[in-house]
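Student: Make a model of this:
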Amino acid sequence: MSHKPVEYTEYLQLDKILQAQDLESDKQDAHAHDEMLFIIIHQAYELWFKQIHFEVDSALKVMGKPEVNDNSPELQTVVHRLGRVVTILKVLVHQIDILETMTPLDFYDFRDFLRPASGFQSWQFKMLEAKLGLKFDNRYGKEYYTSMLKPQYVDYVKQVENQPSLLEMLDAWLARMPFFEDASMWTDFKATNAEGPHHPFWNAYLNTYTDTLVEGEKHNRAVFEAIFLGTEKSDHTTLSTAAMRNALFISLYRGYPLLQLPFQMMQHLLDIDEQMATWRFRHINMVHRMIGSRVGTGGSSGKEYLQGALNKHYIFKDFALLSSFLMQRNHLPKLSTALHNKLGFV
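Tutor: Below is the predicted model of the structure:
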């Protein structure tokens with residue numbers, strides 16, 4: 001089969017890309033040198049957002065299947081691509097270093113020409129938050145977060161919000177792990193402190209964990225039971241009780257081969273939260289440096305809005321919460337032979 005030769009410029013459609021910087025200041029006969037940098041930085045952001053969507057969509061396709069094999073190439077691919085998302089987000093954070101080579105006075109040379117355009121109008125970013133699992137009711141400033149978008153972009157965001165998010169798929173995936181429903185996995189489990197109303201493993205873990213608590217932490221026992229052992233989802237978490245219980249088990253015994261990929265996935269999701277929060281934090285400081293207490297070009301409260309979003313928009317915070325309920329590895333209950341063999345591929 002003949003293949004038409006590919007040429008670099010045509011393949012990348014550079015004619016379109018390199019002509020896509022139309023300075024507003026030039027239209028006003030007031031050329032502002034740094035407006036070119038401002039445009040290119042934000043175009044790069046949107047291109048990277050497109051790539052992140054591409055990676056997250058592939059993860060959603062796998063995690064949305066009725067069954068996901070925990071020891072499959074598909075799951076390895078999901079973990080790899082979520083790791084790529086983390087790396088891209090790190091690049092987005094570091095792009096602020098380039099933007100900060102522009103001084104406040106450089107920015108004021110063209111800022112007023114941009115009204116009412118605003119980063120708040122990035123529908124790709126809002127869609128990304130929704131795909132990951134940020135619900136409308138948990139948004140900061142939810143009463144106007146789509147108010148500046150064109151109707152077609154509002155529709156895009158709403159469509160995503162009505163579909164299962166990555167967080168919801170993870171909840172279902174974690175909840176169905178069968179470690180504690182299969183009695184044959186625990187026939188020779190032995191622990192001296194396994195008495196109590198729960199599964200013997202969790203009785204033993206809870207009693208040992210309680211012994212590690214210092215004064216001022218004693219209330220953690222009741223919180224532990226509410227989050228991991230209750231009959232209904234705790235008010236402390238977004239994930240279900242079963243999902244939280246299995247997530248903690250994965251964190252505790254991540255050294256086993258079968259639990260490595262699930263643990264890496266949870267770590268990547270924490271990294272995504274951290275990088276998005278770092279990006280917001282850097283953005284807050286940049287806005288404070290550039291415009292002080294003035295409102296954003298789109299009419300938002302500027303720094304104050306960004307601070308509110310930073311505080312509220314953690315999507316995978318349940319995985320960070322697990323750290324409150326860990327203890328020394330040499331205190332962990334010894335698993336039964338059957339479960340030990342299963343987790344180790346014996």
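
Student: mind checking how far Leu335 is from Gly292?
Tutor: 57 Å (Cβ to Cβ, to the nearest Å). For every residue, glycine as well, the C-beta is placed using N, CA and C.

Student: Of those two, give the one with the bigger neighbour count.
Tutor: For Leu335 versus Gly292, neighbours defined as other Cβ atoms under 10 Å are more numerous around Leu335 (22 against 10).

Student: Now the more buried one: which helix or strand?
Tutor: Using DSSP states H and E, Leu335 is not contained in any helix or strand.

Student: can you give me the helices for the stretch 201-346 of the chain?
Tutor: When assigned using DSSP state H, counting those that start in this stretch, the helices of the stretch 201-346 of the chain occupy the ranges 220-228, 241-252, 257-291, 303-312, 317-321, 337-343.

Student: Burial check on Val85, number of neighbours?
Tutor: Val85: 24 neighbours (other Cβ under 10 Å).

Student: and if you look at Phe189?
Tutor: Look at Phe189: counted by other Cβ under 10 Å, it has 18 neighbours.

Student: so it sits right up against His199, yeah?
Tutor: No: taking contacts as Cβ atoms under 8 Å, Phe189 lies outside contact range of His199: 9.5 Å.

Student: tilt between the worst-scoring helix or strand of the chain on mean pLDDT and helix 257-291?
Tutor: Within the chain, no helix or strand scores below helix 303-312, which has a mean of 77 by mean pLDDT, DSSP states H and E. Counting by axes from the mean of the first three to the mean of the last three Cα atoms, to 10 degrees, helix 303-312 lies at 170 degrees to helix 257-291.

Student: Please enumerate residues in contact with helix 303-312?
Tutor: The contact list for helix 303-312 (Cβ atoms under 8 Å, 6 or more residues apart in numbering) reads 138-141, 277, 280-281, 283-284, 287-288, 293, 296.

Student: Quick one: buried ones out of those residues?
Tutor: Using 16 or more other Cβ atoms under 10 Å as the burial test, the contacts of helix 303-312 include Arg139, Ala277, Arg280, His283, Ile284, Val287, Gly296 as buried.

Student: Pull the distance from the least confident helix or strand of the chain to the chain's centre.
Tutor: Computed by Cα atoms, centre = their mean, to the nearest Å, the separation of helix 303-312 from the middle of its chain amounts to 17 Å.

Student: Show me which positions of that helix end up buried.
Tutor: Using 16+ other Cβ under 10 Å as the test for burial, helix 303-312 gives Lys303, Tyr305, Leu306, Gln307, Ala309, Leu310.

Student: now the last one: how far from Ala338?
Tutor: So that's Leu310. Applying Cβ to Cβ to Leu310 and Ala338 gives a distance of 46 Å.

Student: Please apply the same query to Val214.
Tutor: 35 Å.

Student: now Asp109, nearest residue through space, not along the chain?
Tutor: Spatially, and ignoring its direct neighbours in sequence, Asp109 is nearest to Ala32 (3.8 Å; Cβ to Cβ, 6 or more residues apart in numbering).

Student: what residues are up against Met286?
Tutor: Met286 neighbours (Cβ under 8 Å, 6+ apart): Ile96, Leu99, Glu100.

Student: now swap in Leu339 and tell me
Tutor: Phe179, Met185, Trp186, Phe189.
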